[in-house]
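Peer 1: kindly generate the corresponding structure for this input.
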Amino acid sequence: MIRTRYSKTVPIIIRMDSGFFDQELFDEMERLDIGFICAGKFYSDIKAMIGALPETAFQHHFGKTDEDVWQCYEFCDRRKSWEKSFRTIFWRPLLEEKQFLLPGSRPGTIVYTNLGMDSVVDQQLQEAGLAFMAETDAIIHSYHQRGADELVHRAFKDFGFEELPFQRFVPNAAFYYTMLLGFFLFEAFKEDVSEPVVPVQVFPDHTASHLGGRRRQGGVPCWQNRTQGHGDRHGIVAFQRTVGALPERSKIRLDLI
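Peer 2: This next block holds a predicted model:
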């Protein structure tokens, strides 16, 4: 649907755990010109190969700070039943919170990917100005962030309902798509309007408290009173300017949030 309804050339990258480690799935994603980053399995030959590597063979990957350092090693691997090799990246923590880990206590991670192999998705990333996503550091960082995908589902549930209200499929489908449209508009509002006050990552149930919704002082929304005596600590003035610059038809009754 992304290809038919949105764009035929937008780069698509799927991140998967080892439960999806399967050549047939990889081949299908390549047929669809989709990039993937999938956790692999530590087979005995891979363990032996990595165990025989000297320390000088590893490169260093840095996390959010210089206090988090991983050793990483890149190679190509093809399982016996596979017809094609895939780019493979192994890494393990070396330094965590300024403390070096002992060699026997460094849990390793291995991933397989088709990024950076001169595939169609590499071309799409290049055209979109996202060629860096095929770099080793970017692949490691992307895999570390795979759990963030679930936050979208959590935000959607917070915005609407976990259980649909009707007993029949058609009204539930209509309700679901209406809720999905509302959620999209809500996220667009955060991106385009309320970002000076409400971080984009904030969940729906916390957005009202950031804007002072549902709490009034003398009939005036709290978000208008927060600046009194505190300067613009909460960014409310910048937010008011952003809203004031919008066309009248785009403005929202913030006191009703």
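Peer 1: scan this protein for its longest helix.
Peer 2: helix 169-189 (DSSP state H).
Peer 1: and for that helix, what are the contacting residues?
Peer 2: Helix 169-189 has contacts (CB atoms under 8 Å, 6 or more residues apart in numbering) with 155-156, 159-161, 164-166, 200, 204, 207, 252. C-betas here are computed from N, CA, C, even on glycine.
Peer 1: quick check: closest non-adjacent residue to Gly108.
Peer 2: Spatial nearest neighbour of Gly108, excluding adjacent residues (CB to CB, 6 or more residues apart in numbering): Arg92 at 4.1 Å.
Peer 1: who's in contact with the one you found?
Peer 2: Counting by CB under 8 Å, 6+ apart, Arg92 has contacts 70-71, 106-109.
Peer 1: related to what we said a few turns ago, pick out the most distant pair among the contacts of helix 169-189.
Peer 2: Phe166 and Val200 (31.9 Å; CB to CB).
Peer 1: more crowded one of these two?
Peer 2: Phe166 (12 against 9; other CB atoms under 10 Å).
Peer 1: quick one: the more buried one and Ala174, what's the gap?
Peer 2: 9 Å (CB to CB, to the nearest Å).
Peer 1: Phe189 too?
Peer 2: 23 Å.
Peer 1: the two: which is more packed in?
Peer 2: A side-by-side neighbour count of Phe189 and Ala174, using other CB under 10 Å, places Phe189 first with 16 against 11.
Peer 1: which parts of the protein are helices?
Peer 2: Going by DSSP H, the chain shows helices at 23-31, 44-51, 120-127, 136-144, 149-159, 169-189, 204-211, 222-225, 236-244.
Peer 1: tell me the mean pLDDT over stretch 74-84?
Peer 2: If you average the pLDDT over stretch 74-84, you get 91.
Peer 1: could you do stretch 15-28 as well?
Peer 2: Average pLDDT, stretch 15-28: 92.
Peer 1: for it, buried residues please.
Peer 2: By neighbour count on 16 or more other CB atoms under 10 Å, the buried set for stretch 15-28 is 15-16, 21, 26.
Peer 1: likewise for stretch 142-149?
Peer 2: The neighbour-count check on stretch 142-149 (16+ other CB under 10 Å) flags 142-144 as buried.
Peer 1: return it as PDB; C-alpha atoms alone will do.
Peer 2: In PDB, the C-alpha atoms belonging to stretch 142-149 read as follows (Å, rounded to 0.1, in the frame of the first residue of the first chain):
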ATOM      1  CA  SER A 142      18.800   2.000  14.000                       C
ATOM      2  CA  TYR A 143      18.700  -1.500  15.400                       C
ATOM      3  CA  HIS A 144      19.100  -0.200  18.900                       C
ATOM      4  CA  GLN A 145      16.100   2.000  18.300                       C
ATOM      5  CA  ARG A 146      13.800  -0.800  17.000                       C
ATOM      6  CA  GLY A 147      11.800  -0.900  20.200                       C
ATOM      7  CA  ALA A 148      10.700   2.700  19.500                       C
ATOM      8  CA  ASP A 149       8.400   1.400  16.800                       C
END
